[in-house]
Structure formats: structure tokens, C-alpha cells
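S.K.: Show me the folded form of this:
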Amino acid sequence: MDRPAVDLTDVQVFFLVADTGSVVRAAERLGTSKSKVSRQVSRLEEALNARLVTRNVRGAQLTDAGRLYYERAKAAMSELEAAGEAVAASVSDIAGPIRLTGPLSFGVTHLADALSEFAARHPRVEFDISFSDKRTDLVREGFDVAIRIGKLQDSSLIARRLGRVHAITVAAPVYLERMGRPATPDDLVHHHGLYYANANPTAVWSYVVGGRERSIKVPMRLRADNGDMLLKAAINGLGVARLPAFIAAGAVQAGQVEAVLTDYEMGQSEIHAVMAPALSGTARIRALVDFLALKFRSEVL
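M.R.: From the prediction side, this is the model:
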């Protein structure tokens, strides 16, 4: 036969009866009636199938079972209260560990300084950071936050937009002298494409031509999962690459590569912070994501 569930309110009333040694005094402290306190103690005894309190003219005395339950339950209740206080602190105090992953190139050029600044502002935050272009499983690999660029996959994760990334198409002057400068996106079919493996598994580039999006299949010369590798390949004259401005802009300014097809829009990718729902409400994660959103929101990187 199933026993009634233990009500924590009844347990707390029992503690008060034990501490005061009287049902009457317990009722007075609670601002309730003696009969209600008695009912709550009786209900707890019924749930435990044990007599906890003996009532007599001297008040209320614990039975052996009552003393055992009082000691064990009191310790358990203290642990429960401590757990509640820890949770309250975690959602209000900017402290504790943050395990973060992000793309390698963006991590080095932009996130490293931003995270260092955040860490300096919040000395009780402990960072564990991994920069990699490999797409990680946030939950399975134990990350609190992932910084991702590009289209997000549908999932139960929480995403917050941080900013935008502008892409440019580049090639080395020596390559353009050899292969010719593409005047329109269609000309790319006669060129060698340097592809970012994580973003273009179908080997297709899209441009806006005449107000419509046009997909161009550029013959692939090289595929890599890191933008800096693709920039090096472009500088060395291996082909044409589409890269985020934060990777290629310096090489363009230095004359190592030239921007081509600048009259054709390629669209902008968005930067997101992605979090597991269970952690998105904690103070340290909220503070970090708010900080990054403020840092990057006005920039097209």
C-alpha cells in the first residue's frame, strides 16, 4: 500500500514543535491554531507510518523515532536550504566557471581581447576557452557558451545575436594576372575556388545579381576548415577565396590580395552566442553575452 507523500511544510512544523517542546508554542510562533499544528504533525506521522511526538501535560516530547527523524531530516533540510542558496547565488552573482568555444580565426582576432576585458572586470569568473573551427556539440562536450558564425541549425539551444560579419571575395594579384579578373559572378566558373569546408559542403557560392540570388559552382582547387589557411592559399596564388573581412582585410590593405566582385552583394553572416537553456539564466552567462552583444553590435566585422 502506497504511503502519503511527505509535505515539507509538515516537516518544518514538526521541527518547530520539537524545538519549542510544545504544540501550543509552535502554533503561537506560526500564528496559527493548535489544532492545525496537531493535524500537520499527525499527517507527517501518517506519511512516515511512525509516532514522532508524545503529547502530555508537560508539552510535546519526541519519541525515539521522532528524535532519529529530527536529526536526519534536520541535516537534510539544511542541505536543501544550502542548495537553494547556491542556486540563488548562481543566478545573481557574476562568479564561477564559463567554458566557451568559438571559431579559431575570430577567436584570435576578436574574442581574445573581448574575453580578456570581461575577465578583468569580473575577477571571480573562471574561463576555460577552446578556439576551433570544428562544429562542437555544446551539451555533449560540456560547453556553456558557443560563439558561432553563419546559419544556425534548428535545436533546443538558446541563441542571442551578437553582430554581423561581412564577406569579401579575394585573389592574389599574381593569380589575377594569370587567370584574369572576374567581372561578374558567372566568370568564377573559369577560376579556382578556395573553399571553407565547414560552410560550403556543396561547393556553391551565392551572389546577388540583378536583385536575385544566384548560386555559382566554382571549380574547387582547395578546401580547408580554417579561414587563415584559405587566406594563405589565396596570397600564394592558388585561387579565389570568399572570406570574412576580419580575416582578409589586412591582406587587402597590404596588397597581398585584391578584392574582386565588389559590386555584387554577398550578404552578411550573423554572429550568435549559443547556450544550453539550463545555463542561459545564470548571472555569469547573462553578463558575458550582454557584454559581447554590446561589444560587437555596432560592428560589421
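S.K.: got a list of what Arg212 touches?
M.R.: Arg212 makes no contacts at all, as judged by CB atoms under 8 Å, 6 or more residues apart in numbering. For glycine as for every other residue, the C-beta is placed from the backbone atoms N, C-alpha and C.
S.K.: so how far is His190 from it?
M.R.: Applying CB to CB, to the nearest Å, the value for Arg212 to His190 is 22 Å.
S.K.: Ok, Asp113 next?
M.R.: Taken as CB to CB, the span from Asp113 to His190 is 41 Å.
S.K.: again with Val209
M.R.: For Val209 relative to His190 (CB to CB), the value is 17 Å.
S.K.: do Arg58 as well
M.R.: In terms of CB to CB, Arg58 sits 103 Å off from His190.
S.K.: can you check Ala76 too?
M.R.: For Ala76, the distance to His190 - CB to CB - is 75 Å.
S.K.: just Arg124 next, same as before
M.R.: Distance from Arg124 to His190, by CB to CB: 58 Å.
S.K.: do Ala234 as well
M.R.: Counting by CB to CB, the gap from Ala234 to His190 is 17 Å.
S.K.: Same question for Ala248.
M.R.: With CB to CB as the criterion, Ala248 and His190 are 22 Å apart.
S.K.: Compare those two (neighbour count), which wins?
M.R.: Ala248 (25 against 11; other CB atoms under 10 Å).
S.K.: backbone phi and psi for the nearest residue to that one once chain neighbours are set aside, please?
M.R.: Of all residues not flanking Ala248 in the chain, Val170 sits nearest, at 5.1 Å (CB to CB, 6 or more residues apart in numbering). Dihedral angles of Val170 (phi, psi; degrees, to the nearest 10) stand at phi -130, psi 160.
S.K.: ok, now which ones touch Val170?
M.R.: Counted by CB under 8 Å, 6+ apart, Val170 has contacts 231, 234, 240-243, 248, 251-252, 257-260.
S.K.: again, but for Glu45
M.R.: By CB under 8 Å, 6+ apart, the contact list for Glu45 reads Arg51, Leu52, Val53.
S.K.: hmm, which of those are the buried ones?
M.R.: If you count burial by 16 or more other CB atoms under 10 Å, the buried members of the contacts of Glu45 come out as Leu52, Val53.
S.K.: quick one: Arg284 is in a helix?
M.R.: Yes. Counting by DSSP: H, G, I helix; E, B strand; the rest coil, Arg284 is found in a helix.
S.K.: in terms of contact, does Met220 touch Val189 like I think?
M.R.: No. Using CB atoms under 8 Å, Met220 is not in contact with Val189, being 11.8 Å away.
S.K.: quick one: Leu80 is in a helix?
M.R.: Yes. Using three-state DSSP, the secondary structure at Leu80 is a helix.
S.K.: Now do the same for it: its pLDDT.
M.R.: As predicted, Leu80 sits at a pLDDT of 77.
S.K.: Tell me where the stretch 201-301 of the chain is predicted with low confidence.
M.R.: 201-203, 267-268, 278-280, 298-301 (pLDDT under 70).
S.K.: Let me know the secondary structure of the closest residue to Arg214 other than its chain neighbours.
M.R.: Nearest residue to Arg214 in three dimensions, chain neighbours excluded: Tyr207, at 5.6 Å (CB to CB, 6+ apart). Secondary structure, three-state DSSP: Tyr207 is strand.
S.K.: For Tyr207, which residues are in contact?
M.R.: Pro185, Glu213, Arg214, Ile216, Leu261, Tyr264, Glu265, Met266.
S.K.: in the protein, which spans are strands?
M.R.: Ranges of strands in the chain, per DSSP state E, are 53-56, 59-62, 96-102, 125-131, 145-149, 158-171, 193-196, 205-209, 212-216, 220-224, 240-244, 258-260, 268-275.
S.K.: And the longest one, what's buried?
M.R.: This means strand 158-171. So, applying 16+ other CB under 10 Å, buried residues of strand 158-171: Ile158, Arg160, Leu162, Gly163, Arg164, Val165, Ala167, Ile168, Thr169, Val170, Ala171.
S.K.: possible to save those as CSV with distance to Arg25 and pLDDT?
M.R.: CSV is the format used below for the buried residues of strand 158-171 (distance: CB to CB, whole Å; pLDDT from 0 to 100):
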residue, distance to Arg25, pLDDT
Ile158, 50, 84
Arg160, 53, 89
Leu162, 59, 90
Gly163, 63, 86
Arg164, 67, 86
Val165, 68, 84
Ala167, 75, 88
Ile168, 79, 92
Thr169, 82, 94
Val170, 82, 96
Ala171, 87, 96
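S.K.: Much appreciated, bye for now.
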